[in-house]
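Peer 1: sharing a sequence plus its predicted fold:
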Amino acid sequence: MNLARRRQLNSFDYSSGPVVYWMSRDQRFADNWALIYAQELALKNKVPLVIGFTLAPGFLGATQRQYAFMLKGLSDVASASSQKNIPFFLLLGNPSEAIVKFIKKYKVGALVCDFDPLRVKVAWKKAVARSIDIPFYEVDAHNIVPCWIASPKQEFGAYTLRPKINRLVDQFLEDFPLVRKHPFSFDVKPTLIDVDQILRTLDIDKSVAELSWIKPGEMEAHKALRDFAQERLSDYNVKRNDPCLKGQSDLSPYLHFGQLSAQRVALAVARAKANENSKQAFLEELIIRRELADNFCFYNLYYDSTKGAPAWVQKTLLEHRKDKREYCYSLKELEAAKTHDDLWNAAQSEMVAIGKMHGFMRMYWAKKILEWTPVADKAFAAAVYLNDKYELDGRDPNGYAGIAWSIAGVHDRAWGERAVFGKIRYMSYQGCKNKFDVDKYIEKVRKMKG
DNA sequence: ATCGGCTCGCGCAA
DNA sequence: TGCGCGAAGCCGAT
């Protein structure tokens, strides 16, 4: 592995004991640089290799919908890894305490984790680093160019990150080695993962239903990737922004849970025989915009509130904070999709029904929440709450960056001054009407089932 | 149907 | 210091 993908979070040297990969964001067996690196370490030292996944009893408002998708995917990872003599342990409780307890109990010699810019994950790792005296490595298994290598600071827009990524992408966009059957055995057997039993014991919101239109797991993710690359990639450029059509990849739930590697997707798309403009447009979204979202969350402490907005936005929001809102809705009314705007209601209903709102509608949806909420801060919080509760890919940097773009002008520029929005880019019902068949989309959502 | 203005600030050229 | 240009737009003039 290119060692630039990993960095050490402390300064201890290895002495003895098995290697543990603390899996968190990248929940897959194949195409996972963190696991590949952990095996390299274990082979070099001739010791066993173990995967540990710490399951928090509740995580940033995640519901039955997301937990079920995740746990089913994890049980696939567990079977794949145990076949390669790499036992998979699901550790319950406070994540940093659970992993430290495991390390002490089994005299673990080195810890490898994957990369995640979210505050809570950074805090877990800090707590672990304080409590152990073995080498602790972090591998960016989610991005193609590791987040901290791509840029040392928060970028201002796609246009400033793009040349940095493009300069480095050839060094990192390489094929994945296979994880081999591990030759050194760990002598403790993990208990099998009983998804239904775990779901029953978790204290989570069970009112948000599981979904059946999308199947969790690595195998399903690869199927979905093949299907997209063969059937829809060629038309991506012309169809992606029409929410009436199935023009998007629908891969984001798999990418969010790490059941699919973005690098695997990039390799497949780059090699696919398809319209070149479509390939370019898709790779721009997959690589530049995805990694821009990680960059935003990694370097901006306030990625999920208006405090993270650039100065010109803070100023313009302040100037317009007392503007009269023509419509005002409570979070309850928004959640129930009871506004005067049938297009907005459809977008909200789509998210509630199938756990995924069309990409173009996500912008319109968030901007209208800003328009109809008394305070911009509250608008941001409402968008985050709804997104994280219903979207299968909630709690993702892409979600935070998307809301920040819509509501807080992040990665965007100033536009013509108007009420409530100030200089933040506005989007209108009429604009949508000019772009696609609004009534057709509303009708499509009406028939949707999760 | 098409076009320019709206408006900010980075990054680079000079 | 000046200049070009940027994640998805809007609106009014032509």
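Peer 2: Looks like it arrived, so ask away.
Peer 1: and whatever helix or strand residue A:294 lives in with DNA strand C, contact?
Peer 2: Applying DSSP states H and E as the criterion places residue A:294 in helix A:290-299. Yes. Using Cβ under 7 Å from any atom of the strand, helix A:290-299 reaches DNA strand C at A:292, A:293. C-beta here means a position set from N, CA and C on the backbone, and glycine is covered the same way.
Peer 1: I'd like the next helix or strand past that helix.
Peer 2: Following helix A:290-299 in sequence order, the next helix or strand is helix A:311-319 (DSSP H and E).
Peer 1: near DNA strand C at all, that next one?
Peer 2: No. Applying Cβ under 7 Å from any atom of the strand, one finds helix A:311-319 separated from DNA strand C by no less than 9.9 Å.
Peer 1: what distance do you get for residue A:146 to DNA strand C?
Peer 2: 19 Å (Cβ to the nearest atom of the strand, to the nearest Å).
Peer 1: tell me how many other residues surround that residue.
Peer 2: 23 (other Cβ atoms under 10 Å).
Peer 1: who's in contact with the closest residue to it other than its chain neighbours?
Peer 2: Excluding the flanking residues, the one nearest residue A:146 by Cβ to Cβ, 6 or more residues apart in numbering is residue A:140, at 3.8 Å. The neighbourhood of residue A:140, defined by Cβ atoms under 8 Å, 6 or more residues apart in numbering, consists of A:5, A:6, A:33, A:114, A:115, A:146, A:147, A:148, A:149.
Peer 1: which single residue of the stretch 351-450 of chain A ends up nearest DNA strand C?
Peer 2: The stretch 351-450 of chain A approaches DNA strand C most closely through residue A:431 (2.4 Å), counting by Cβ to the nearest atom of the strand.
Peer 1: assign that residue to helix, strand or coil.
Peer 2: Counting by DSSP: H, G, I helix; E, B strand; the rest coil, the backbone at residue A:431 sits in helix.
Peer 1: so which elements touch the helix ranked longest in chain A?
Peer 2: Assignment by DSSP state H gives helix A:64-83 as the longest helix of chain A. Contact here means 3 or more Cβ pairs under 8 Å, 6 or more residues apart in numbering; DSSP states H and E; on that basis helix A:64-83 packs against strand A:49-55, strand A:88-92, helix A:195-201, helix A:218-227.
Peer 1: now, the most widely separated pair of the contacts of residue A:140?
Peer 2: A:114 and A:149 (15.3 Å; Cβ to Cβ).
Peer 1: who has more neighbours out of the two?
Peer 2: The neighbour comparison of residue A:114 against residue A:149 (other Cβ under 10 Å) goes to residue A:114, with 24 against 18.
Peer 1: OK, contacts around the more buried one?
Peer 2: By Cβ under 8 Å, 6+ apart, the neighbours of residue A:114 are A:22-26, A:32, A:34, A:138-142, A:258.
Peer 1: the residue in the stretch 151-300 of chain A that DNA strand C sits nearest to: neighbouring residues, count only.
Peer 2: The nearest approach of the stretch 151-300 of chain A to DNA strand C comes at residue A:158, 2.8 Å away (Cβ to the nearest atom of the strand). For residue A:158, the neighbour count with other Cβ under 10 Å is 15.
Peer 1: and it, what does it touch?
Peer 2: A:288, A:289, A:292, A:411 are the contacts of residue A:158 under Cβ under 8 Å, 6+ apart.
Peer 1: quick one, grab the pLDDT at the third one.
Peer 2: The predicted local confidence for residue A:292 comes out at a pLDDT of 95.
Peer 1: quick check: closest non-adjacent residue to it.
Peer 2: With Cβ to Cβ, 6+ apart as the criterion, residue A:292 has its nearest non-adjacent residue at 5.1 Å, and that residue is residue A:161.
Peer 1: about what we covered before: among the contacts of residue A:140, which are in helices?
Peer 2: Per DSSP H, those map to helices at A:33, A:147, A:148, A:149.
Peer 1: okay, buried residues for the longest helix of chain A please.
Peer 2: A:64-78, A:80-82 (16 or more other Cβ atoms under 10 Å).
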